[in-house]
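> Make a model of this:
(chains A and B)
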Amino acid sequence: MIIKRLLIVAAALAYLGFLAVLGASYFIGLKQASTWPAHGQGQALADKDVPKVEKNVLQLEKRMTGLQPKGLYIVIDTAENRLTLKNGDQVVRTAVVSCGSGVVLEEPGGKKRSWVFDTPRGEFTVKSKITNPYWVKPDWAFIEEGEKIPKAMEDRIEGGTLGDYALGFGQGYFIHGTLYTRLLGRNVTHGCVRVGDEDLKYLFKAVPIGAKIYIY
Amino acid sequence: MKKTAAFAALVAAGLAGLGWAAGADKATLAKRQDALNAEYNLAKEAKFYFVLDIAGRTVELKVRSMVLKSWPIQAMKFWGQPDLAGTVELVKKTTLKAPERIVIKPGDTEVAPAPAAKAAPAGGAATTADYNLEALELRDMPKRFSLELDNGLHITVNAKTGGRLGLGSKMKAAWRWYVSLPLRNLFGPRQDKKPSELELVFGDEKDAQSVYWHLFDGIKGIVL
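Numbering: from 1, shown residues only, chains lettered A, B, ... in the order given. Sure thing, here's the model as predicted:
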């Protein structure tokens, strides 16, 4: 009987001890975390250093602004499938587009080739502007359709699928038109950016070669 | 005499207040300089970077100092004391069920885990937006995930509208936050390995999914 009571008391004491340790740990953690947003940055400044730091801050802000693109530039959100034409902070035009599907195509027959249909992300430049572009179908286009890859170049050329205009931004990627306008707003392409006819026409006329493209 | 003493006390309090304000201004200025220095180092390269502004309650995706995307944080809680100076790097994204790319092998009918198209809504034709395409889209991204930064900070991302957690998950989360972390913090093996946790809650599940989409492994950023 006594042993049983002693065990109960010991268990209760152990439980209370655990709670006390836990409470103390939690309190210490809270105290540490209370300084969080201010922690890690910002050192004490001497009065004499203030003007120098103020000047430095202004210079840094100016330099940062100087990094931004000049003139018109294109911003593409691959998740939302939205294209924005901007000039500084001003939005000039927005368009619903289609970006890469993210699908992986593997070549059958034991060959090791594979393609990932992502729209590349990063900073690009408009490198070419083409009217009435035709598509030179790469190998994957034939593999995807289960067709034999042709040897002659003329067998790869297909007109009409890219719309009336195309803006090239390197490595075979283009902003171009589409026959599948009902799929605008969805991720369906092989990496290029498809735009509706009216928006494409506007972009083609407005955006000069050399303009920046930011795809994220 | 009493009036003079009260006036002196008032003046002293005012001066002390001014001194404190000046000190706070200096600290803010120093912090601003550090943040700008860190951000300038990132912005001068043509790469995307993120800014996690804890005081401002936003996460921003930026390039060349321009804000491309901004996600408002609805709620947050934090634990520990991570080193937030300078730049950080996203080392790893983890989630219970990571989105998988659809693999197409022409001629091989069993390989592609293509999701079936949703049935058309009753009484009307389905729009394009209703269909599940063979694609990896924003809607396929997780609403709950973790981000591991190279300074040891572990960030948990949740969405307020992302569906309710089960009782088991709630208990696990509570155990981790209120028991495991405090004890690890107090009895952790080494000072530099103390746990640092941040939990971010976004108001819209789409914001959480968008963060998962845009913050890729290896992206650098700053925490303010």
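
> next helix or strand past the longest strand seen in chain A?
Scanning chain A for the longest strand, with DSSP state E as the assignment, gives strand A:90-98. Next helix or strand after strand A:90-98 toward the C-terminus (DSSP states H and E): strand A:104-106.

> how far is whichever strand or helix holds A:Gly17 from where the chain is centred?
If you go by DSSP H and E, A:Gly17 is part of helix A:2-33. Distance of helix A:2-33 from the chain centroid (CA atoms, centre = their mean, to the nearest Å) equals 49 Å.

> Which of the three states applies to residue 84?
Using chain A here. Classification of A:Thr84 using DSSP: H, G, I helix; E, B strand; the rest coil returns strand.

> my bad, the chain I had in mind was chain B
Three-state call for B:Leu84 (three-state DSSP): coil.

> surely it meets B:Gly221?
No. Judged on CB atoms under 8 Å, B:Leu84 makes no contact with B:Gly221 at a distance of 10.8 Å. The C-beta positions use only the backbone N, C-alpha and C, and glycine is treated the same way.

> Next one, pLDDT for residue 185 please.
Unless you meant another one, I'm taking chain A. At A:Gly185, the pLDDT value in this model is 95.

> The intended chain is chain B.
The model reports B:Asn185 with a pLDDT of 73.

> partner strands of the longest strand of chain A, parallel or antiparallel?
strand A:82-87 (antiparallel), strand A:193-195 (antiparallel) (DSSP bridges).

> which residues in chain B form helices?
B:2-43, B:167-175, B:181-187, B:205-214 (DSSP state H).

> And chain A, is the second one touching that?
Translated: helix B:167-175. No. Figure legend: helix B:167-175 not in contact with chain A (CB under 8 Å from any CB of the partner chain); closest approach 11.2 Å.

> Which elements pack onto that helix?
Applying 3 or more CB pairs under 8 Å, 6 or more residues apart in numbering or on different chains; DSSP states H and E, one finds that helix B:167-175 contacts no other helix or strand.

> how far is that helix from where the chain is centred?
For helix B:167-175, the distance to the chain centre is 21 Å (CA atoms, centre = their mean).

> Pick out the residue closest to the middle of chain B.
B:Leu200 (5.5 Å; CA atoms, centre = their mean).

> where does the chain have low pLDDT?
Reading this off chain A. Residues of chain A meeting the criterion pLDDT under 70: A:30-44.

> you looked at the wrong chain, it should be chain B
Applying pLDDT under 70 to chain B picks out residues B:1-24, B:108-132, B:161-165, B:188-194.

> So if we follow the domain assignment, how does chain A break up?
Taking automatic domain parsing as the criterion, chain A consists of the domains A:1-34, A:72-215.

> measure the longest one end to end?
Across domain A:72-215, the terminal residues are separated by 15 Å (CA to CA, to the nearest Å).

> Tell me how far A:Val9 lies from chain B.
In this view, A:Val9 and chain B are 24 Å apart by CB to the nearest CB, to the nearest Å.

> pull the longest strand from chain B.
As assigned by DSSP E, the longest strand anywhere in chain B is strand B:66-79.

> now A:Lys48, what's its secondary structure?
Put simply, A:Lys48 is helix when judged by three-state DSSP.

> now do the one 5 residues further on
Each residue gets one of three states, and A:Val53 gets helix by three-state DSSP.

> what does the longest strand of chain B rub up against?
With CB atoms under 8 Å, 6 or more residues apart in numbering or on different chains as the test, strand B:66-79 has contacts from A:29, A:32-33, A:36, A:68, A:75, A:77, A:214, A:216, B:48, B:54, B:57-62, B:160, B:177, B:181, B:185, B:195-203, B:207, B:210-211, B:214.

> Quick one: distance of the longest strand of chain A to the chain centre.
Using CA atoms, centre = their mean, the offset of strand A:90-98 from its chain centre is 16 Å.

> okay, the strands paired with strand A:90-98, which one's buried deepest?
Neighbour counts (mean count of other CB atoms under 10 Å in any protein chain shown) averaged over each of the strands paired with strand A:90-98 peak at strand A:193-195, with a mean of 27.

> What count of nearby residues applies to residue 100?
Reading this off chain A. Residues lying near A:Gly100 (other CB atoms under 10 Å in any protein chain shown) number 23.

> wrong chain, I was asking about chain B
B:Glu100: 11 neighbours (other CB under 10 Å).

> Now do it against B:Gly218, distance only.
Separation of B:Glu100 from B:Gly218 (CB to CB, to the nearest Å): 20 Å.

> ditto for A:Met1
According to CB to CB, A:Met1 and B:Gly218 sit 66 Å apart.

> try A:Lys151
Applying CB to CB to A:Lys151 and B:Gly218 gives a distance of 40 Å.

> Pick out whichever of these two has more residues nearby.
Higher neighbour count among A:Lys151 and B:Gly218: B:Gly218, with 11 against 7, using other CB under 10 Å.

> hang on, the earlier thing: what comes up buried for the longest strand of chain A?
With burial defined by 16 or more other CB atoms under 10 Å in any protein chain shown, the residues of strand A:90-98 counted as buried are A:92, A:95-98.

> give me the number of residues near B:Ser169?
So B:Ser169, with other CB under 10 Å, has 12 neighbours.

> isn't B:Leu138 right next to B:Asp207, touching?
No. The criterion here is CB under 8 Å, and B:Leu138 misses it with B:Asp207 at 10.6 Å.

> Which of the two has more residues huddled nearby?
Set B:Leu138 next to B:Asp207 and count neighbours by other CB under 10 Å: B:Asp207 wins out with 25 against 18.

> How many residues are close by the residue lying closest to the more buried one once chain neighbours are set aside?
Nearest residue to B:Asp207, sequence neighbours excluded (CB to CB, 6 or more residues apart in numbering or on different chains): B:Trp71, at 4.6 Å. Neighbours of B:Trp71 under the rule other CB under 10 Å: 24.

> Return the distance of B:Trp71 relative to B:Lys206.
To B:Lys206, B:Trp71 is 10 Å away according to CB to CB.
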